[in-house]
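>>> I would like to see how this sequence folds:
(one chain, ligands or ions: 2)
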Amino acid sequence: MKNKKITLVTKPNTALNNKTGPWRNKKPETDYNICIGCSMCSKVCPENCIEMKENINYPGKIKPVTDYDYCKGCALCVKECPVKAIKMVNDF
Ligand code: SF4
Ligand code: SF4
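Ligands and ions are numbered 1, 2, ... in the order given. Alright, predicted model coming up:
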């Protein structure tokens, strides 16, 4: 029998083409009133999909903004947040 060629890995630098959001059934939600803007969630996110930005409602403070196209719902950000500002909610 002839072997089929199967590609198991993607080429380098193609991560932005591989949206991981559809993997998710829960998504992280951040309570900005609890968040202290430490950036820990942004640093540990394996998809690098949390960007720290200034928020219009919190002048002079930076808050995390999640790009749900790439959030795979792993909850690592929830585990690492030092003030428990993030919780996972259903996302069916
Ligand atoms: S749930 Fe995982 S992929 Fe989604 S923002 Fe948090 S750390 Fe990143
Ligand atoms: S880890 Fe928690 S406190 Fe720090 S920026 Fe993220 S949500 Fe805010």
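>>> for this structure, what lies in contact range of ligand 1?
Proximity of the chain to ligand 1 is confined to 28, 45, 47, 49-50, 66, 71-77 under the rule Cβ under 6 Å from any ligand atom. Backbone N, C-alpha and C define where each C-beta goes, glycine included.
>>> the residue nearest to residue 51 when sequence neighbours are not counted: neighbour count?
Counting by Cβ to Cβ, 6 or more residues apart in numbering, residue 51 lies nearest to residue 65, which is 5.2 Å off, once chain neighbours are set aside. Neighbourhood size, residue 65 [other Cβ atoms under 10 Å]: 13.
>>> wait, doesn't residue 65 sit right on residue 56?
No - using Cβ atoms under 8 Å, residue 65 makes no contact with residue 56, being 11.8 Å away.
>>> need the residues touching each of the two.
Contact with both residue 65 and residue 56 is made by no residue, according to Cβ atoms under 8 Å, 6 or more residues apart in numbering.
>>> briefly note if the longest strand seen in the chain comes near ligand 2.
Longest strand in the chain by number of residues (criterion: DSSP state E): strand 58-66. Yes - for a cut-off given as Cβ under 6 Å from any ligand atom, strand 58-66 has contacts with ligand 2, namely residue 64.
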